[in-house]
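Engineer: This is a predicted model, with the sequence first.
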Amino acid sequence: MTIYALSTAQGQAGVAIVRVSGDLAEKTINTLTKKRLQPRKATLCNIYKDNNEKIDESIVIYFERHKSFTGEPVAEFHTHGSHAVIRALLKEISKIEGLRPAEAGEFTKQAYLSGKINLVQVEGLNDLISAETEKQRHQAIMQYGDEATNQYLKWAEEIKSCLAYIEASIDFSDEDVPTNLIKDIKKISKKAQSEIDSYIKTEDDNEILQAGIKIAIVGRPNSGKSSLINYLTNKNISIVSKKPGTTTDLLRSERTYDGVYVTLTDTAGIRAAKDEIEKEGLKRTKKELETAHIRIFLGSNSEKKPFYGIDMTVKDNDIVVINKSDLKKQHKIRPNISISIKTNKKLNILEKKLKEKIKKLSSSQLGTLLNRERQKNHLIRASKALASIKGGDLEIISLHVRDALKSIDSITQETSNEDVLGVIFNKFCIGK
Ligand SMILES: Nc1nc2c(ncn2[C@@H]2O[C@H](COP(=O)(O)OP(=O)(O)OP(=O)(O)O)[C@@H](O)[C@H]2O)c(=O)[nH]1
Ligand SMILES: [Mg+2]
């Protein structure tokens, strides 16, 4: 079956690309342009309706089988990106017998089925399309490119070498199996297992990369938390007032720091709650305190006890800040930094400190990171199988080795699992 779809985003744009993939791709070009094109050569063509009316001028490219994204013959029509042109073009294509609209992710699925890309790359491609921050893009291109795949292939090769050892020993009777051989197998499998286990742990870093670093601003009422979130996000999102207890709920705002996605949360000022609403607000603040990666404890210079009633178990990534340094000091606290939001004092230094902490939290994100439950499940299975390689019975060892190899291979190639494939490809949009 030959499939077609608009591959660029819906809506008005300078250019729109309609893609056709399958045996009838070339015929589609001939029908619409009345031309035969040289493969992989962008050619300016008129596109016609079946009544010879011209629809648009378009750059058309024909890709032969094996030399296209999908592995099948592909036609691309780069037209002007108006609703009317796209609609007219799609209508003409639909009139050609043997063509049908593509389903979500079907071009990519075809690329996978043709062996053009493996499943790790498919998942990477999906990430690349949805990447919002620079770091997310960086991760996605490593999954789509060779890095992640090569790592899996390396483990598969190593485990395969264990099988080769086992096969080489088939000629030996049980008593004669050289002890070195079993030692070597165990050495290789232990090394692979430990690498796999470390990789499984990178899932936490991926979590930070995807969901971002959570920064909570906490403190007593009136310390300037809302003023600070407004300053840091450069938005007037939180109400600032001299009345203590202004903020009663959590208020979040996002931004990036050096390509890292960050969510800042303004919280309700901590004091003895005056009513049910405040009680609930404080409950939420407390939860935020527990889950944030970085906590900014914000106190006021004009209070005798700027952090009274606040659980100040300060962790490595937390920052203790005293605000309102323009006012007379009333306390004996020694904070990490004193600022004044009112007079813009040392706010740049506070931001510098924040950036350092964000960098530290995200600095382990250099290599590829585990980012799929599907991949993780196979890795856990492989690790378990490798961990089961014990004793001296080669047949049992061989079973575990094969099991581990199968799991690693399934990461890049789920051979016959339509359900799994369905879940992967349905996440794509139509036209990809
Ligand atoms: N003098 C002085 N006043 C400040 C400074 N920063 C904030 N304020 C004022 O302090 C008051 C409280 O500020 P908010 O940002 O609403 O404080 P908050 O911590 O969000 O207060 P709650 O929401 O009630 O918990 C406002 O009147 C601000 O204008 C500062 O650096 N110096
Ligand atoms: Mg507030």
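Structural biologist: On my side now, so go ahead. Ligands and ions are numbered 1, 2, ... in the order given.

Engineer: Who are the contact partners of residue 189?
Structural biologist: For residue 189, the contact set (Cβ atoms under 8 Å, 6 or more residues apart in numbering) comprises 159, 162, 386, 389, 401, 404. For every residue, glycine as well, the C-beta is placed using N, CA and C.

Engineer: number of nearby residues for the first one?
Structural biologist: Think residue 159. Residue 159 has 27 neighbouring residues, counting by other Cβ atoms under 10 Å.

Engineer: Tell me the spatial nearest neighbour of residue 57, not counting adjacent residues.
Structural biologist: Closest residue in space to residue 57, ignoring its immediate chain neighbours: residue 46 at 5.9 Å, by Cβ to Cβ, 6 or more residues apart in numbering.

Engineer: Name the next helix or strand downstream of whichever strand or helix holds residue 199, please.
Structural biologist: Assigned by DSSP states H and E, residue 199 belongs to helix 179-201. Next helix or strand after helix 179-201 toward the C-terminus (DSSP H and E): helix 203-211.

Engineer: now for the one helix or strand residue 165 maps to, which elements pack on it?
Structural biologist: Secondary structure assignment for residue 165, by DSSP H and E: helix 147-168. With contacts defined as 3 or more Cβ pairs under 8 Å, 6 or more residues apart in numbering; DSSP states H and E, the packing partners of helix 147-168 are helix 119-130, helix 179-201, helix 373-387, helix 394-412.

Engineer: Mean pLDDT for those helices - can I get that in TSV?
Structural biologist: Converted to TSV, the helices and strands packed on helix 147-168 look like this (pLDDT from 0 to 100):
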stretch	mean pLDDT
helix 119-130	95
helix 179-201	92
helix 373-387	97
helix 394-412	93
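
Engineer: Pairing partners for residue 263 in the sheet, please.
Structural biologist: Bridge pairing for residue 263 (DSSP bridges) gives the partners residue 214, residue 254.

Engineer: re the thing from before, surely the residue nearest to residue 57 meets residue 53?
Structural biologist: No. Using Cβ atoms under 8 Å, residue 46 is not in contact with residue 53, being 10.4 Å away.

Engineer: Quick check: residues of this structure near ligand 2?
Structural biologist: Contact residues (Cβ under 5 Å from the ion) of the chain with ligand 2: 225, 226, 246, 247.

Engineer: now, the most widely separated pair of those residues?
Structural biologist: 225 and 246 (9.3 Å; Cβ to Cβ).

Engineer: what touches both of these two?
Structural biologist: Residues touching both residue 225 and residue 246 (Cβ under 8 Å, 6+ apart) are residue 269.

Engineer: so where do the strands sit in this protein?
Structural biologist: 2-6, 13-21, 43-48, 54-63, 74-81, 99-101, 213-219, 251-257, 260-266, 294-300, 319-323, 337-338 (DSSP state E).

Engineer: What's the separation between the closest residue to residue 73 other than its chain neighbours and residue 78?
Structural biologist: Spatial nearest neighbour of residue 73, chain neighbours left out: residue 25 (4.1 Å); criterion: Cβ to Cβ, 6+ apart. As judged by Cβ to Cβ, to the nearest Å, residue 25 and residue 78 stand 15 Å apart.

Engineer: So for those two, which sits in the more crowded spot?
Structural biologist: Using other Cβ under 10 Å, the more surrounded residue of residue 25 and residue 78 is residue 25, with 25 against 17.

Engineer: How is the chain partitioned into domains?
Structural biologist: For the chain, the structural domains run 2-113, 119-202+370-412, 209-362, going by automatic domain parsing.

Engineer: Can you give me the first-to-last residue distance of the first one?
Structural biologist: Translated: domain 2-113. One end of domain 2-113 to the other measures 15 Å (Cα to Cα, to the nearest Å).

Engineer: what mean pLDDT would you report for it?
Structural biologist: What domain 2-113 shows for mean pLDDT is 96.

Engineer: higher neighbour count, residue 225 and residue 246?
Structural biologist: residue 225 (30 against 16).

Engineer: show me the contacts for the residue nearest to that one when sequence neighbours are not counted.
Structural biologist: Nearest non-adjacent residue to residue 225, counting by Cβ to Cβ, 6+ apart: residue 217, 4.6 Å away. Applying Cβ under 8 Å, 6+ apart to residue 217 gives the contacts 225, 228, 229, 264, 265, 266, 267, 296, 298.

Engineer: any idea of the pLDDT on whichever residue of the stretch 251-400 of the chain sits closest to ligand 2?
Structural biologist: Distances between the stretch 251-400 of the chain and ligand 2 by Cβ to the ion are smallest at residue 266, namely 5.9 Å. In the prediction, the pLDDT value recorded for residue 266 is 97.

Engineer: Can you give me the buried ones in stretch 240-250?
Structural biologist: Residues 240, 245, 246, 247, 248 are the ones in stretch 240-250 that count as buried (16 or more other Cβ atoms under 10 Å).

Engineer: With stretch 409-426 instead?
Structural biologist: Buried positions in stretch 409-426, judged by neighbour count with 16+ other Cβ under 10 Å: 409, 410, 411, 412, 414, 421, 424, 425.

Engineer: Could you do stretch 74-93 as well?
Structural biologist: Neighbour count says stretch 74-93 has 74-81, 85-86, 88-89, 92-93 buried, by 16+ other Cβ under 10 Å.

Engineer: Could you do stretch 360-377 as well?
Structural biologist: Judged by neighbour count (16+ other Cβ under 10 Å), stretch 360-377 contains these buried residues: 361, 362, 365, 368, 369, 370, 371, 372, 374, 375.

Engineer: just stretch 204-219 next, same as before
Structural biologist: 205-206, 208-210, 212-219.

Engineer: follow-up on the earlier one: how about the contacts made by the residue nearest to residue 57?
Structural biologist: Residue 46 touches 33, 34, 54, 56, 57, 58, counting by Cβ under 8 Å, 6+ apart.
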